[in-house]
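Visitor: coordinates only, no sequence provided:
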């Protein structure tokens, strides 16, 4: 391939650029969302976060902190009577910074509201991978092996194309050494051309852990550690599928890590 020629594939040394991390925990007992408690919690976080705005409603509290970098970069905390949801979009700092941010908020949340049981947890990772050409062509021709005339009956130009997979939890068969490691979590995977920039491949994995357990000193660090679990799944599994090369180690890494 000559210099500058497009092959509509990711570069061998391409890096995944993180677009966001999310962590959502469902707890018991439920909270009474009183404004006085919201202000107390916001004050407790003020030493660590710089909120630009907040909204305290009877069914939901929202705390919003702008982050340096992209105009859409922000850290959002949403609390309902039975969930706390932490979400970072377009972080300029690395994953370690995100994990520390999440852990700080959750530790303060436990101190103030004393949840007793963790009922359910969800973790999300989103990132993009630069394509040397067009991600729509990459997905349709190199991943799906789909001829272009297959979509002619739509009679419309294609702005976005993608794939979605859902994988339930499963356990390894004890008598089959080649069955692979079991996974106690479900995961919903999306791979699609980026809406605002078709030269990039958007990858997202949203994982869920359904096991209920008592909230302990280990709950916060174990929940935050699942960010790495889901991110690694994208790099080590999803990218392999995209490249049709499951027998080799993926040459991708997280930008900045």
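Guide: Alright, I've got the coordinates. Please read these numbers as outputs of a predicted model, since none were measured by experiment. Residues are numbered from 1 along each chain as shown.
Visitor: if you drop the residues flanking it in sequence, what lies closest to residue 28?
Guide: Nearest-residue entry for residue 28: residue 117, 4.3 Å, with adjacent residues in sequence omitted and distances by CB to CB, 6 or more residues apart in numbering. For glycine as for every other residue, the C-beta is placed from the backbone atoms N, C-alpha and C.
Visitor: for the one you found, what are its contacts?
Guide: Contact partners of residue 117, counting by CB atoms under 8 Å, 6 or more residues apart in numbering, are 27, 28, 29, 212, 213, 214, 215.
Visitor: and the first one, how many neighbours?
Guide: For residue 27, the count of nearby residues is 24 (other CB atoms under 10 Å).
Visitor: same check, this time on the fifth one
Guide: By other CB under 10 Å, the residues close to residue 213 number 13.
Visitor: for it, which residues make a bridge with it?
Guide: residue 118 (DSSP bridges).
Visitor: for residue 36, see how far away residue 111 is.
Guide: 16 Å (CB to CB, to the nearest Å).
Visitor: do residue 106 as well
Guide: For residue 106, the distance to residue 36 - CB to CB - is 21 Å.
Visitor: again with residue 218
Guide: Look at residue 218 and residue 36: by CB to CB, they are 31 Å apart.
Visitor: any chance you could map the helices in the stretch 1-150 of the chain?
Guide: Secondary structure of the stretch 1-150 of the chain (DSSP state H, counting those that start in this stretch): helices at 35-45, 95-113, 135-137.
Visitor: next structured bit after the shortest one?
Guide: Counting by DSSP states H and E, the element after helix 135-137 in chain order, helix or strand, is strand 162-167.
Visitor: distance from the chain centre to that following strand, please.
Guide: Computed by CA atoms, centre = their mean, to the nearest Å, the chain-centroid distance of strand 162-167 equals 14 Å.
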